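Asks: no sequence on this one, just coordinates:
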């Protein structure tokens, strides 16, 4: 158990809908990351937050947004869902924002768009 | 964009044998991390090796780093069926960045 908690574990929704994925980082970790894993794209970095502020942005679509709250939990919002958004979404956390910190991953949220 | 590239893409060996996976990356890095992923599960952190380290051990795992060749290897000794998983190397996309960029992984199968 990495200590990173993600909910829900599985989610099935229809195209055009909106979903929210939730992440609680490890106790004491200030940095949160979101990744998307699909068969054709592999593991893709989406976005990073550090202590409530956006720190780095990756291949995140405009239909997607995220935030980190004062209690350090984070949410990833996916809207106008398309079939291609079906993937495993991971949240990860680390203590700080500098390089060299181990990044710990949650078990992921399986999203299926039908 | 991919930073790390694992090789081979798939590896199948007999239980008890050693497994070696390689990773090449493109830019100068501060550290390189190896992760394991069982099918459909989360990524489990295995080892972090810093750019000033050449070798690191953790149990049956040995990781080497050659910054001159921009490559790393992960050796699993005395493999077990439970080692069956995908293994990924991950590096920052550039020196100083903290986010990790993952390769496509090596799918390791340990046959009993």
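Replies: Arrived safely. Here the structure is a predicted model, which means the values were calculated and not measured.

Asks: Would you state the strands of chain A in chain order?
Replies: Under the criterion DSSP state E, chain A carries strands at the ranges A:5-7, A:10-13, A:19-24, A:31-38, A:42-50, A:53-57, A:64-68, A:74-78, A:87-94, A:104-105, A:109-113.

Asks: So for residue B:19, which of those strands sits nearest?
Replies: Closest to residue B:19 of the strands of chain A is strand A:42-50 (C-beta to C-beta; 20.8 Å). To be clear about C-beta, it is placed using only N, CA and C from the backbone, and glycine gets the same treatment.

Asks: Sheet partners, orientation included, of the closest one?
Replies: strand A:31-38 (antiparallel), strand A:53-57 (antiparallel) (DSSP bridges).

Asks: deepest of those strands, which one?
Replies: Mean neighbour count (mean count of other C-beta atoms under 10 Å in any protein chain shown) peaks for strand A:31-38 among the strands paired with strand A:42-50, with a mean of 24.

Asks: one step back: dump the strands paired with strand A:42-50 to a markdown table, plus mean pLDDT.
Replies: As requested, those are exported to a markdown table (pLDDT from 0 to 100):
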| stretch | mean pLDDT |
| --- | --- |
| strand A:31-38 | 95 |
| strand A:53-57 | 92 |
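
Asks: Tabulate those strands in TSV, adding columns for distance to residue A:7.
Replies: Listed next are the strands paired with strand A:42-50 as TSV, based on distance: least, C-beta to C-beta, whole Å:
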stretch	distance to residue A:7
strand A:31-38	14
strand A:53-57	22
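
Asks: pLDDT below threshold where in the chain?
Replies: You didn't pick a chain, so chain A it is. A:97-99 (pLDDT under 70).

Asks: my bad, the chain I had in mind was chain B
Replies: Using pLDDT under 70, chain B drops low at B:1-3.

Asks: Show me which residues of it sit near chain A.
Replies: Neighbours of chain A within chain B, by C-beta under 8 Å from any C-beta of the partner chain: B:2, B:30-31, B:33, B:35, B:40-45, B:48, B:50, B:88, B:90, B:92, B:95-105.

Asks: Just the buried ones out of those residues, please.
Replies: Neighbour counting with 16 or more other C-beta atoms under 10 Å in any protein chain shown marks B:2, B:30-31, B:33, B:35, B:42-43, B:45, B:48, B:88, B:90, B:92, B:97-105 as buried within these.

Asks: With that, I have no additional questions.
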